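Engineer: Next input, structure requested:
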Amino acid sequence: MIGANGRLIEFVAVEIQAIDTTGNYRSERDAYLKGRTFKTNSTAGLNWENVSKRILPQLIYKGHVLRQEKLCQKGMFFICPTPVYQRIQQRLGGELRPYQLQPGSLTFRWYDIGPERQAGHRRLLELGGQYTTTVDQVAHAFTAPADLPPAGVYENAIEAELQALRR
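Structural biologist: The predicted model follows:
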């Protein structure tokens, strides 16, 4: 918000994310462009690990930085597709407490693509929901995950490989 004198009165931070891909689809692309059929399946896919490795640490870090800003009174907004929000909720255990907008708050807003439209018309985004919590709630859930695999998962995987080698 800018005052009548042109000076900054207040601001909010907005982070917009989609999801990136991993793998490679070059051979399929090349075949498509040359009008040939695909001979292999692509190794490309959605990079869901990016939620844990990059997106959540980035939100936590930026949220703490923004909490120090006296003019950032409503925290940070994170805008994403519904599947990204669902993956975040899954990773964080889905037990984040709700809070009002405040310094240090983190508001998730998720969207879906609207129904198909007539050719030449853009599909609209539809708000799927909104949830406000705090950066501290997200940080705690991130560092104390509830979705851990069962105890012994590493031991079992190593033992399975050793057994395969003995055959």
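
Engineer: Poorly predicted segments of this protein, please.
Structural biologist: Along the chain, segments meeting pLDDT under 70 span 39.

Engineer: Helices along that one, start to end?
Structural biologist: Along the chain, counting by DSSP state H, helices occupy 26-33, 49-50, 56-67, 82-92, 135-143, 153-166.

Engineer: The closest residue in space to T133 that isn't next to it in sequence and V84: what is the separation?
Structural biologist: Ranked by CB to CB, 6 or more residues apart in numbering and with sequence neighbours excluded, the top spatial neighbour of T133 is L96, at 4.2 Å. Placement of C-beta: from N, CA and C, glycine included. Distance from L96 to V84, counting by CB to CB, to the nearest Å: 16 Å.

Engineer: Out of the two, name the residue with the larger neighbour count.
Structural biologist: V84 (22 against 19; other CB atoms under 10 Å).

Engineer: Surely that one and I19 touch.
Structural biologist: Yes: at 5.5 Å, V84 and I19 qualify as touching, with contact defined as CB atoms under 8 Å.

Engineer: gap between R54 and I19?
Structural biologist: 11 Å.

Engineer: So which of those two has more stuff around it?
Structural biologist: I19 (16 against 13).

Engineer: Tell me who's in contact with the more buried one.
Structural biologist: L46, N47, W48, N50, P81, P83, V84 (CB atoms under 8 Å, 6 or more residues apart in numbering).
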